[in-house]
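K.L.:
Let me see the structure of the following:
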Amino acid sequence: MHWIYCFGLSFLLAAGPASPVAADVRRADPLVVPRGPGPLPERSAKQGTLQRVEHAGSALRDRGFKELPVLAWALLEQAHAGEDGEMVERAVALAPSTPSVRFEAARLSHDPLEFVQSLVLLPRSLPALIWLVTFVGAALGLGLLVAAAMVVAVACGRTLALHGHWFGHRINPQLAPTWPGVLLVLALLAVLGRLGLGPALVLGVAGLLAAMRLRLREAVPVAVALLLLGLLLGPLLSHWARLAAFSGYDRGLFAAWRLDQSQPLPNDRELLAQQLERKPDDSILRLALATAWQREGELRRAEELASRFSYTAARPLQARAANLLGMIHLARGDVTPAIVAFERARAVEESAAVLYNLGQAHGRALALAKQVSFFKLASDMDSELIRRHTLEQSPNLHRTLIHSPIPLLSYLAHGLRDSPEARGLIRESRRWLLGARAPEWAWAALPVLGLLGLAIRAASIRSCEACLGPLCWRCLPSMGSGKICDRCQQLLLGDSKGTAGAPKIGRPLIKRRRRWPERVVVGLSFLLPGVDRIHQGCVLSGASRIFLIATGIAFLILPQGLSLPVRFTLPAPFEVGGLGFALPLLAAFLLLTPPYTLRVLGTVRRRRVLARKTA
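P.N.:
Next up, the predicted model:
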């Protein structure tokens with residue numbers, strides 16, 4: 001196709017006058033490109049659904065629209081009623097880049113390749129990409145929050161008896177009671193909550209108390225968990241809140257993206273106009289609305305918006321505004337202003353679309369040599385783009401212009417800026433997690449509490465490795481660096497190295513002493529597998545299982561919204577459609593299955609071991 005086009009232009013050059021008059025041509029006939037509103041449904045009421053959709057699709061494609069998801073959904077609904085495979089294929093042809101259309105086509109045709117294609121297309125759509133990142137970020141954040149909280153909570157539960165024993169020495173130096181101190185620690189945590197501190201800060205104080213009484217290798221995971229909690233409530237929450245505000249509030253930017261990508265929804269232009277009235281200095285909204293007016297034939301409105309474009313904005317926006325002005329001038333037949341605008345766009349950012357449009361403008365000015373030159377430059381820069389447009393518009397190639405969409409990174413940088421909605425979401429989330437009276441920077445206290453627990457760690461009271469009870473060197477100064485308490489030592493007949501070789505009468509008594517806490521841990525592990533691993537000292541393994549379970553549960557509840565003091569909902573946009581429910585279910589199944597399966601297998605294995613011992 002390229003060589004035919006170049007040969008035709010070369011023939012015109014050879015047949016034309018030796019001294020072209022291109023420099024004197026300032027005006028040309030306006031481009032006769034179909035513009036204005038689309039087809040009216042009432043004029044085709046007597047036609048069938050397929051004929052109406054094809055007629056509307058042809059008219060919209062002539063007006064520059066590439067993706068027609070609304071028409072595709074009309075065919076998908078008809079295919080769902082009549083199970084027509086041909087309509088499914090035609091629907092995909094109308095909107096091949098819309099993930100929701102491809103997913104619905106996969107559901108109707110039972111084609112797994114279509115489902116895979118819908119997943120591949122998710123990152124290419126701005127609304128779908130923001131929804132996906134925000135949704136996955138919320139689920140992962142909740143999973144990490146629950147896992148870190150359980151590490152601190154289990155450690156605090158293990159040290160309650162140690163704190164109780166330490167306080168009991170203040171009551172009775174010889175025979176220290178434990179329960180008064182345990183109740184005092186629990187009352188302290190409850191009073192902190194009543195004083196206005198949120199659950200995160202109360203958990204931080206619990207982590208401080210736990211790190212004080214644990215061994216170093218057991219206290220370090222608690223400090224790491226508090227550090228992770230601080231990061232989650234600090235910078236990570238700030239970044240995620242911008243994504244959530246972008247996805248939940250900035251609908252105008254999504255409408256601008258759809259209009260710019262030639263795949264608008266019915267009310268996108270009206271929504272964009274309303275958003276521009278609220279934000280008159282928004283460059284992306286202004287440029288997208290000017291593009292919409294230009295496609296509808298409202299050249300005066302489009303020129304007014306594009307000419308008042310702020311040239312202090314980013315270079316990609318400047319180049320596209322100048323390219324749009326050139327297209328508007330050329331649509332009117334004003335060749336010289338069009339060339340000036342295209343040259344300005346080229347000076348800011350050279351692209352294949354601008355070079356191609358510049359060549360078309362020179363062709364309208366009868367400067368055919370320059371037209372061939374610019375066409376070759378555009379083909380060398382992006383041959384696929386030029387080939388696609390020349391093949392699509394080969395019958396009327398002389399009136400074809402290429403629109404240059406705004407890059408996806410420009411939308412992301414524009415939408416992820418600080419906004420009042422993001423600040424409000426951060427403030428409400430931290431108020432619930434840190435407390436109404438705590439300042440917003442109180443999240444930084446969590447890592448400090450973890451480090452403080454490591455710094456003031458007291459080793460005078462530890463847990464007995466046999467019965468998990470208090471091992472106090474003040475009560476038993478002769479123990480030295482022993483690892484089991486005096487009672488367990490007596491039960492094991494003086495064997496301080498462990499339970500190996502202990503008499504049969506000692507082991508049942510030791511197990512009876514630790515039966516109650518073990519039953520609590522085992523019961524919790526059936527609901528939340530991993531708690532028992534953390535209690536046994538395998539913190540990384542147990543926290544990983546809890547993270548998988550909490551993330552999977554978050555995938556299940558987030559589509560319905562969180563009914564918390566901070567009401568949070570994340571509705572799936574039009575481009576996501578049914579994937580907004582199918583993807584979370586699939587992710588939840590993949591995340592929840594392994595930990596519960598391992599828990600069931602572990603229970604079966606323990607029963608077999610007990611049965612063998614009994615036999």
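K.L.:
Touching, residue 92 and residue 101? I think so.
P.N.:
Yes - if you go by Cβ atoms under 8 Å, residue 92 and residue 101 touch, sitting 6.6 Å apart. Every C-beta, even on glycine, is put in place using the N, C-alpha and C of the backbone.
K.L.:
Spit out the residues that contact these two alike.
P.N.:
Both residue 92 and residue 101 are contacted by residue 72, under the criterion Cβ atoms under 8 Å, 6 or more residues apart in numbering.
K.L.:
higher neighbour count, those two?
P.N.:
residue 101 (30 against 21; other Cβ atoms under 10 Å).
K.L.:
The more buried one falls within a helix, correct?
P.N.:
Yes - assessed by DSSP: H, G, I helix; E, B strand; the rest coil, residue 101 belongs to a helix.
K.L.:
For it, give its distance to residue 123.
P.N.:
Going from residue 101 to residue 123 by Cβ to Cβ, to the nearest Å gives 16 Å.
K.L.:
One more: residue 149?
P.N.:
32 Å.
K.L.:
For those two, indicate the residue with more neighbours.
P.N.:
Between residue 149 and residue 123, counted using other Cβ under 10 Å, the more crowded position is residue 149 (20 against 13).
K.L.:
I'd say the more buried one and residue 229 touch.
P.N.:
Yes - contact criterion Cβ under 8 Å: residue 149 and residue 229 qualify, at 7.3 Å.
K.L.:
what's the closest non-adjacent residue to residue 149?
P.N.:
Leaving aside its sequence neighbours, residue 149 sits nearest to residue 203 (Cβ to Cβ, 6 or more residues apart in numbering; 5.8 Å).
K.L.:
Not counting sequence-adjacent ones, nearest residue to residue 532?
P.N.:
residue 525 (4.0 Å).
K.L.:
next structured bit after the host helix or strand of residue 148?
P.N.:
Secondary structure assigned from DSSP states H and E places residue 148 in helix 126-171. As assigned by DSSP H and E, the chain's next helix or strand after helix 126-171 is helix 179-194.
K.L.:
Buried ones in that next one, by neighbour count?
P.N.:
181-182, 185, 192 (16 or more other Cβ atoms under 10 Å).
K.L.:
Pull out the CA atoms of the following helix or strand past that helix and give them to me as PDB.
P.N.:
Using DSSP H and E, the next helix or strand after helix 179-194 towards the C-terminus is helix 199-213. Provided in PDB are the C-alpha atoms of helix 199-213 (Å, rounded to 0.1, in the frame of the first residue of the first chain):
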ATOM      1  CA  PRO A 199      -6.700  -0.200  67.800                       C
ATOM      2  CA  ALA A 200      -3.400   0.300  66.000                       C
ATOM      3  CA  LEU A 201      -1.900   2.300  68.900                       C
ATOM      4  CA  VAL A 202      -3.300  -0.100  71.500                       C
ATOM      5  CA  LEU A 203      -1.700  -3.000  69.500                       C
ATOM      6  CA  GLY A 204       1.600  -1.000  69.500                       C
ATOM      7  CA  VAL A 205       1.600  -0.800  73.300                       C
ATOM      8  CA  ALA A 206       0.800  -4.500  73.400                       C
ATOM      9  CA  GLY A 207       3.800  -5.100  71.100                       C
ATOM     10  CA  LEU A 208       6.000  -3.000  73.400                       C
ATOM     11  CA  LEU A 209       5.000  -5.100  76.400                       C
ATOM     12  CA  ALA A 210       5.500  -8.300  74.500                       C
ATOM     13  CA  ALA A 211       9.000  -7.400  73.200                       C
ATOM     14  CA  MET A 212      10.100  -6.500  76.700                       C
ATOM     15  CA  ARG A 213       9.700 -10.100  78.000                       C
END
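K.L.:
Buried ones in helix 199-213, by neighbour count?
P.N.:
Buried, per 16+ other Cβ under 10 Å, within helix 199-213: 200-213.
K.L.:
Go ahead and measure how far it is from the middle of the chain.
P.N.:
Mean-position distance between helix 199-213 and its chain equals 31 Å (Cα atoms, centre = their mean, to the nearest Å).
K.L.:
ok, which pair from the buried residues of helix 199-213 is furthest apart?
P.N.:
Largest separation among the buried residues of helix 199-213 by Cβ to Cβ: 200 and 213, giving 21.4 Å.
K.L.:
The stretch 401-550 of the chain: strands as residue ranges?
P.N.:
461-463, 470-472 (DSSP state E, counting those that start in this stretch).
K.L.:
mind giving me the domain ranges of this structure?
P.N.:
41-124, 130-240+423-469+514-614, 251-415, 470-511 (automatic domain parsing).
K.L.:
Figure out how far the second one is from the centre of its chain.
P.N.:
Yep, that's domain 130-240+423-469+514-614 we're talking about. 24 Å.
K.L.:
hmm, back to that, is it possible to get a markdown table of the domains of the chain that adds mean pLDDT?
P.N.:
Shown next, in a markdown table, are the domains of the chain (pLDDT from 0 to 100):
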| stretch | mean pLDDT |
| --- | --- |
| domain 41-124 | 79 |
| domain 130-240+423-469+514-614 | 83 |
| domain 251-415 | 83 |
| domain 470-511 | 55 |
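K.L.:
Out of those domains, which one sits most buried?
P.N.:
domain 251-415 (a mean of 19; mean count of other Cβ atoms under 10 Å).
K.L.:
And the helices in the stretch 351-500 of the chain, which stretches?
P.N.:
352-364, 368-381, 383-392, 408-415, 420-434, 445-455, 486-491 (DSSP state H, counting those that start in this stretch).
K.L.:
Which among those is found nearest to residue 581?
P.N.:
Using Cβ to Cβ, the nearest of those to residue 581 is helix 420-434, at 23.7 Å.
K.L.:
The closest one versus helix 445-455: what angle between them?
P.N.:
40 degrees (axes from the mean of the first three to the mean of the last three Cα atoms, to 10 degrees).
K.L.:
roughly how far is helix 420-434 from the heart of the chain?
P.N.:
Taking mean C-alpha positions (Cα atoms, centre = their mean), helix 420-434 and its chain are 18 Å apart.
K.L.:
With adjacent residues omitted, what lies nearest to the most centrally placed residue in the chain?
P.N.:
The C-alpha lying nearest the average C-alpha coordinate of the chain belongs to residue 133 (Cα atoms, centre = their mean; 1.1 Å). Sequence neighbours aside, residue 243 is the residue nearest to residue 133 in space, at 5.9 Å (criterion: Cβ to Cβ, 6+ apart).
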